[in-house]
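**Student:** missing the sequence, but the structure's below:
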């Protein structure tokens, strides 16, 4: 199996974390990234409650769990003010990075584009060496996520 | 039992309807109002899917079903752009009135204040004569809502 | 609309009630009957929790709510001992009538046959005059059940 | 950490499998056992659908997944006929072993007693060497089960 190096994140601003997060600094840990849009129903109903659960189960010395707000439609509807109120009201405590808008005006932001995400929610699992090992679009079973993360931790 | 006349709505702007809605014009019909905020978890997870269900079951010649966006916190986070994208993405088709901000700066908007709602979601049932017959804060059972609406229809 | 007189029940044994129930004695009340088999997944997961909810909302002076155990397959698997343990463990408190087996050996018991139920669960609503007004096979929405029962109560 | 050797199973009869299962024959594989009673609500609603999911995700060369029917109350209500109809109607395909009644009349059957299960459902995870590594009573999260099984597989 050939693995792909995870491209570095291009984040405009981080929320719910004291210091910025880079993949380079996380080499040696398993990294779990959930991309979302705050007005995407599948994200609100399924993916983000699951992100919180992943964060509570796994975030720690061996695993880093966070989300990236990859807005690619309705941009004016999901600005910083709205995202902050959303995270506060839904009591989400995992770090959230706001993806960087394309400077040339493409609606797809830079990190989403670098990872070729097909939409939101997307779940990306990166191993300790910094390689992408799973990349899902849509809903993934809790049991499978638990197994995959632990599989990467045990490598 | 003493009933209270339902105060007239004070709506800044209507969405999902071709013409504005007034309680006066609905005398003779049962009126079902769900108040919400687009970033209130209880509204997003429970109340608004239920509003859509009430709308599909009951909206018609005898019953008028709609929602009112009564923003009383995080005002800048829930402006028109965001609300429109929210309704579009969640595929809600019932009429939505945006409550009128208090001109004197109180965070509680005018209709919410006139109805003394304790928060969101609130469910208000008005009989054919224009009197408030039920006023709930929080989650209400589908079965109870169905029974109450039909009870008012049959009067 | 032409209505059909509800055939009298043919019950072998009643559980969860001090006295036997007949439709004749319930003239003047709305009657709600849920038929089930204790090993039918749709009954266990959906219909019987709903029966309990209907019972708690409506059973009283105007409405009589109960279930009928209409076993038409796996007869030896759902005998009295098993049914009693099932009702006890699931904490169901509504009356349950055990349908009478066909004396000529047809697997369909007598009440189920008289009502021409297509399977389990079936929901039957009978008006105050003793006429069948609704007859559903499968899952029915709580909101619709609430509305229909109240509609019959208000007649 | 001290681990405890998993006592050998004492099964009266196996269902859903062509050949009997012994722990001795499974040395080298991770073993997942869900104990249940067919009339235990927590088993019917939560644990057994989860067993089916575990079976579909994990049963294979490295993991063996099955259930044990450990009846300790209402014995006459949950005999072979009823259990077979239950498994058939709920479409469960994982192997099920029927625990052996105590020959001295204790209501707790032999395997349940040997494992000191506190009730149903219980989830027992056994590592490749045949040692008990987890032993839960009640509901366990899918994500945690996925992680624990994979953790044992990767040892």
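**Tutor:** On my side now, so go ahead. Please read all numbers here as calculations on a predicted model, not as lab measurements. Numbering: from 1, shown residues only, chains lettered A, B, ... in the order given.
**Student:** can we go C-alpha only for contacts and neighbour counts from here?
**Tutor:** OK.
**Student:** where along chain A do the helices fall?
**Tutor:** A:41-42, A:48-58, A:80-89, A:110-114, A:142-153 (DSSP state H).
**Student:** and of these, who's closest to chain C?
**Tutor:** Closest to chain C of the helices of chain A is helix A:142-153 (Cα to the nearest Cα; 21.8 Å).
**Student:** does the closest one come close to chain D?
**Tutor:** Yes - for helix A:142-153 and chain D, the contact criterion (Cα under 8 Å from any Cα of the partner chain) is met by A:142-151.
**Student:** residue B:82: which of those is nearest?
**Tutor:** Nearest to residue B:82 among these: residue A:142, at 30.4 Å, using Cα to Cα.
**Student:** could you check the pLDDT of the residue nearest to the closest one when sequence neighbours are not counted?
**Tutor:** Computed as Cα to Cα, 6 or more residues apart in numbering or on different chains, the closest residue to residue A:142 that is not its neighbour in sequence is residue D:143, at 4.7 Å. For residue D:143, the model assigns a pLDDT of 98.
**Student:** equivalent analysis for residue A:3, please.
**Tutor:** 79.
**Student:** still on that earlier bit, my guess is the residue nearest to residue A:142 meets residue A:148, correct?
**Tutor:** No - with contact defined as Cα atoms under 8 Å, residue D:143 does not reach residue A:148; the gap is 10.0 Å.
**Student:** residue ranges with poor pLDDT in chain A?
**Tutor:** Applying pLDDT under 70 to chain A picks out residues A:1.
**Student:** enumerate the residues of it near chain D.
**Tutor:** A:54, A:57, A:142-151, A:154-155.
**Student:** buried ones only from the residues you listed, please, as a ChimeraX command.
**Tutor:** Buried members of these, defined by 16 or more other Cα atoms under 10 Å in any protein chain shown, are picked up in ChimeraX with:
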select /A:54,142,143,144,145,146,147,148,149,150,151
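**Student:** and the residues of chain A next to chain D, which two are the farthest apart?
**Tutor:** A:142 and A:155 (20.4 Å).
**Student:** residue A:3: neighbour count?
**Tutor:** Burial measure for residue A:3: 11 neighbouring residues, criterion other Cα atoms under 10 Å in any protein chain shown.
**Student:** scratch that, residue A:62
**Tutor:** That count, for residue A:62 with other Cα under 10 Å as the rule, works out to 16.
**Student:** the residue nearest to it when sequence neighbours are not counted: neighbouring residues, count only.
**Tutor:** Leaving aside its chain neighbours, residue A:62 sits nearest to residue A:29 (5.0 Å; criterion: Cα to Cα, 6+ apart). Number of residues near residue A:29 (other Cα under 10 Å) recorded here: 20.
**Student:** residue A:29 against residue A:60, yeah?
**Tutor:** No - using Cα under 8 Å, residue A:29 is not in contact with residue A:60, being 9.2 Å away.
**Student:** where do the strands sit along chain A?
**Tutor:** A:4-5, A:11-15, A:30-36, A:63-69, A:96-99, A:122-126, A:131-137 (DSSP state E).
**Student:** in TSV: the ones you listed, plus mean neighbour count and distance to residue D:104.
**Tutor:** Formatted as TSV, the strands of chain A follow (neighbours: other Cα atoms under 10 Å in any protein chain shown; distance: least, Cα to Cα, whole Å):
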stretch	mean neighbour count	distance to residue D:104
strand A:4-5	12	63
strand A:11-15	16	64
strand A:30-36	25	53
strand A:63-69	23	51
strand A:96-99	24	61
strand A:122-126	23	54
strand A:131-137	16	54
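**Student:** and of those strands, who's closest to residue B:42?
**Tutor:** The nearest among the strands of chain A, by Cα to Cα, is strand A:30-36 at 20.0 Å.
**Student:** can you list the strands that that closest one pairs with?
**Tutor:** Using DSSP bridges, the strands paired with strand A:30-36 are strand A:63-69 (parallel), strand A:122-126 (antiparallel).
**Student:** what distance separates the first one from the centre of its chain?
**Tutor:** Relative to the mean C-alpha coordinate of its chain, strand A:63-69 is positioned 4 Å out (Cα atoms, centre = their mean, to the nearest Å).
**Student:** ditto for stretch A:56-67
**Tutor:** 12 Å.
**Student:** over to stretch A:76-88?
**Tutor:** Centroid separation for stretch A:76-88 versus its chain: 17 Å, with Cα atoms, centre = their mean.
**Student:** now what about that stretch, what contacts it?
**Tutor:** The contact list for stretch A:76-88, computed with Cα atoms under 8 Å, 6 or more residues apart in numbering or on different chains, reads A:37-39, A:71, A:93, B:39, B:74, B:76-78, B:81-83, B:85.
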